[in-house]
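Here you go, sequence then predicted model.
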Amino acid sequence: MLVTGFGAVYYFDEIKAAVTNVAVAVHQSQDVREESPRQTVTSSGFDRSVHLRADRSGHFAVAAEINGRDVALLADTGATLVALTYDDAREIGFTPNDLSFTARSRTANGTASMAMVTLDRIRVGDIEVRNVRAMVAEPGKLHISLLGMSFLSRLESFQIRGNELVLNQ
C-alpha cells in the first residue's frame, strides 16, 4: 500500500498536467476523430519534419503509429506524458493484466486512476521515438489519446507557426 501511495504522489504532477489541460479537447474529441489529421511529412537526408495543420477547433490532430498500431491523438504541449485512452491501450496490445491503475489524477471527467507504461515506439510520419513514458487512463476517463511532452521533448525541436505545428527530428 505504501509503495502504491508513493507512486501516486511521485507522479501526481506529471499525471495531473497530462490530463487537466485538455478539458476542451476532451469535449471536442468526437470532432477530432471524425476529421482526418492534416499532416505533411518531409524528409531530406537525416532531417525529418512533420507539419501538422490545426483543425477547425484549433487542435493539432496527429495520425501516429504506436507499437505498430495506428492511433489518433491530439498534440498537447501542456501534457507532461503521452496519455492513452483505455481503448487505445488495449488496441496497441496492453492487456488488463499489464495495467496497474495505482496512480490517481483529476481529469475533465472527474478523478481517474492511471496506469504508468512505457511504449516501445511512437512514429509520426518519418519521426520515430523509442521507449516513451506514457500513462493509460481507466476506462471512460479520457476520450482521446494525447501526444504529450514525453514524446515532444525528445525531438530536435517543435514549434507552432500560426495554425501549424512543426515537429523536427
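Noted; the coordinates are in hand. All figures in this text were calculated on a predicted structure; none of them were measured in a lab.

and stretch 59-67, which residues are buried?
Buried residues in stretch 59-67, defined by neighbour count with 16 or more other Cβ atoms under 10 Å: 59-64, 66-67. Yep, even glycine has a C-beta here, placed from its N, CA and C like the rest.

Ok, stretch 148-165 next?
148-152, 155, 158, 165.

Those in helices, which ones?
Taking DSSP state H, the ones among the buried residues of stretch 148-165 that sit in helices are 149-152.

For Gly140, state which of those is nearest.
Using Cβ to Cβ, Ser150 comes nearest to Gly140 of those, at 23.0 Å.

and Gln169, how far is that from Arg161?
The spacing between Gln169 and Arg161, counted by Cβ to Cβ, to the nearest Å, is 17 Å.

Return the member of the ones in helices among the buried residues of stretch 148-165 nearest to Asp55.
Checking these against Asp55 with Cβ to Cβ, the nearest one is Leu152 at 18.2 Å.

In contact with that closest one, which residues?
Contacts of Leu152 were listed using Cβ atoms under 8 Å, 6 or more residues apart in numbering, and they are 75, 77, 158, 167.

and those residues as a markdown table, adding pLDDT and distance to Arg53?
As requested, those are exported to a markdown table (pLDDT from 0 to 100; distance: Cβ to Cβ, whole Å):
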| residue | pLDDT | distance to Arg53 |
| --- | --- | --- |
| Ala75 | 96 | 11 |
| Thr77 | 91 | 16 |
| Phe158 | 96 | 14 |
| Leu167 | 96 | 12 |
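
can you name the two of the residues you listed that are farthest apart?
Spanning the widest gap among those are Thr77 and Leu167, at 11.2 Å by Cβ to Cβ.
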